[in-house]
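> What follows is a predicted protein model with its sequence.
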Amino acid sequence: MMEEKKMPITDHLEELRFRLIKIVGAILIGTVICYFFRREVLEFLQVPIKKTLQDEPLRFFSLMEPFIVHIKVAVYSGIFFAVPIILYQIWMFVTPGLLQRERKYLLPFILFGSLFFVGGASLCYFIVLPYGTEFFLNFDPSLKSTINIASYLSFAIRLIMVFGIIFQLPLILLLLSRLGIVSSKFLRRQRKYAYLLFFVFGAALTPPDPLTQSLMAVPLVLMYEISVVLTRIFGRREPASAEKETGGAV
């Protein structure tokens, strides 16, 4: 069978630029739409911390801070709802590296990628954020809290986005496997280093106590193990000639 003609690097860069423009455009459209619902989204994001603060309101410390907070809410909401389009553009960018029969998995890639993103964000919103905010607010009972809305929003959005992204790990590694970059065998060999990296990552992005760090590290470990299984089942197989060569080596 005749091999497909390889694209020169300039064409790859042009394709990347085109896909990035599409992603930015989708985020801008999402931002404009979400701006009209920014108050509802902001109220929704405050629910985890208000369980601890109860009737105490969040405050702002500078003149332009409320405006900036509302813009930030609209932008990140736009990113959140643009995830299916972002995944579609990523798929279209890597499509030239896939076999013809592999290109039919576009819909499952977008569907499961979106579901995994929502699943990771939901885990953060319903479990990690309430526990994390309660830990920080009650860390020193002798101090009275005056919470700044901008700092809390940055903390909450960062965690929600990070959890959404780390839940993409199985799809990312499976895609890299289909492209021939990684394999199930490689992932199994690197397992102990990956686990160490996950717990370091969890310690850097979550409150400094073992339970909260585990709330991030354990899902990462689970996603990694799912990736190992998926790449073993659906990953690209080595050519028969390569298998014979490696099989003959002692």
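Sure thing, it's come through.
> Which residue ranges make up the domains of the protein?
Listed domain ranges for the chain are 8-167, 169-239 (source: automatic domain parsing).
> Confidence-wise, which of those is weakest overall?
With a mean of 78, domain 169-239 has the lowest mean pLDDT of those.
> And the helices in this structure, which stretches?
For the chain, helices defined by DSSP state H occupy the ranges 9-35, 38-53, 65-81, 83-94, 106-123, 129-137, 149-166, 169-178, 184-189, 191-205, 210-234, 240-248.
> want to throw the domains of the chain into a markdown table with mean neighbour count?
C-beta coordinates here come from the backbone N, C-alpha and C atoms, glycine included. Formatted as a markdown table, these follow (neighbours: other C-beta atoms under 10 Å):
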| stretch | mean neighbour count |
| --- | --- |
| domain 8-167 | 16 |
| domain 169-239 | 17 |
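> which ones are touching the residue nearest to the spatial centre of the chain?
Nearest to the mean C-alpha position of the chain, by C-alpha atoms, centre = their mean, lies residue 165 at 0.5 Å. By C-beta atoms under 8 Å, 6 or more residues apart in numbering, the contact list for residue 165 reads 117, 120.
> now it: how far from residue 201?
11 Å (C-beta to C-beta, to the nearest Å).
> And residue 59, by the same measure?
31 Å.
> Also residue 192?
Taking C-beta to C-beta, one finds residue 192 at 15 Å from residue 201.
> what do you get for residue 73?
From residue 73 to residue 201 the distance is 26 Å (C-beta to C-beta).
> Give me the contacts around stretch 214-234.
By C-beta under 8 Å, 6+ apart, stretch 214-234 touches 120, 123, 127-128, 131, 162-163, 166-167, 169-170, 173-174, 177-178, 182-184, 187-188, 191, 194-195, 198-199, 201-202, 205-206.
> and what of stretch 106-117?
Against stretch 106-117 from outside (C-beta under 8 Å, 6+ apart): 83, 84, 87, 88, 91, 164, 165, 167, 168, 170, 171, 175.
> Chain neighbours aside, what residue packs nearest to the third one?
Looking back up the chat, that one is residue 87. residue 113 (4.4 Å; C-beta to C-beta, 6 or more residues apart in numbering).
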